[in-house]
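*Asks:* sequence and predicted structure are below.
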Amino acid sequence: MTLNVDGLGAKPIRRNGDIAIPSNYIEAGGVYSVIYDGANFILLDEGGDYGNITSSDVRQGKTYGTVNGLGTGTLNLSQLTPSNIRRGVTIDGVAGTVDPLLPGNYEVIKQTRGYGYEGNLPKRYCKIGVGISAIYRVRMQFGIAGSSPNKTAYAQIYRNGKPYGTIRSITDYYTNGSWEGEEDLYFASGE
């Protein structure tokens, strides 16, 4: 886009910083202030820098200013419902209703009886998979069945086939009874 004033000939219209303007940037009939710098006409009063916003940062259908004129947002918030926002959080006027997954809030699996030994090798007692990456509170109880003096039992959580968490042990049922406790451990979705 060019401007010809007082016989200077057609001179380019540029933005501050010697930035070219697109052909649709200046509207017919609009009033603009320019200054001639000896080579180009420079647009004045443009309002400063625009930052690094992109169309995916702006709500769908809303416009925003760029160095190349107006852009239109593409951020789609139509799936934003109370059932997919955490309680206590409000996004775009939608208040969440989902309680956060905290250790101890939900019982994933409960198995009350089983036997878990095979000689000196650990035996899998139960296996579960998790669908949400989170810290899970794992409760367990174990002991030595019947009269088993001078025997030791061990229990440990495994994650992806490898020991995870603290190994627990108990020796001699008559002296120590059984062990019961809990441990908060992180598991990723799909583990």
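*Replies:* Yes, it's here.
*Asks:* switch to C-alpha atoms for all contacts and neighbour counts from now on
*Replies:* Noted.
*Asks:* so residue 83 sits in a helix?
*Replies:* Yes. Assessed by DSSP: H, G, I helix; E, B strand; the rest coil, residue 83 belongs to a helix.
*Asks:* neighbours of it, how many?
*Replies:* 14 (other Cα atoms under 10 Å).
*Asks:* residues in contact with it?
*Replies:* 96-98 (Cα atoms under 8 Å, 6 or more residues apart in numbering).
*Asks:* could you do residue 163 as well?
*Replies:* Taking Cα under 8 Å, 6+ apart, one finds 156-157 in contact with residue 163.
*Asks:* so it is in which element?
*Replies:* Per DSSP states H and E, residue 163 falls inside strand 162-171.
*Asks:* before we move on, back to that, next, format the contacts of residue 83 as a markdown table and append neighbour count, pLDDT and distance to residue 126.
*Replies:* Putting those into a markdown table (neighbours: other Cα atoms under 10 Å; pLDDT from 0 to 100; distance: Cα to Cα, whole Å) gives the following:
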| residue | neighbour count | pLDDT | distance to residue 126 |
| --- | --- | --- | --- |
| 96 | 18 | 89 | 35 |
| 97 | 16 | 87 | 33 |
| 98 | 14 | 80 | 29 |
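*Asks:* which one of those residues is nearest residue 53?
*Replies:* residue 96 (26.6 Å; Cα to Cα).
*Asks:* you'd agree that closest one is up against residue 80?
*Replies:* No. If you go by Cα atoms under 8 Å, residue 96 and residue 80 don't touch, sitting 9.4 Å apart.
*Asks:* would you say residue 80 is within a helix?
*Replies:* No. Residue 80: not assigned to a helix; according to three-state DSSP it is coil.
*Asks:* let me know how buried it is, in neighbour terms.
*Replies:* Residue 80 has 15 nearby residues by other Cα under 10 Å.
*Asks:* likewise for residue 41?
*Replies:* 23.
*Asks:* could you find the closest non-adjacent residue to residue 16?
*Replies:* Distances taken as Cα to Cα, 6 or more residues apart in numbering put residue 42 closest to residue 16, at 6.1 Å, once the chain neighbours are dropped.
*Asks:* please apply the same query to residue 158.
*Replies:* Leaving aside its sequence neighbours, residue 158 sits nearest to residue 164 (Cα to Cα, 6+ apart; 5.0 Å).
*Asks:* surely the one you found meets residue 155?
*Replies:* No. Using Cα under 8 Å, residue 164 is not in contact with residue 155, being 10.9 Å away.
*Asks:* return the distance of the nearest residue to residue 76 once chain neighbours are set aside relative to residue 159.
*Replies:* In space, and not counting its chain neighbours, residue 76 is closest to residue 60: 5.5 Å by Cα to Cα, 6+ apart. According to Cα to Cα, to the nearest Å, residue 60 and residue 159 sit 42 Å apart.
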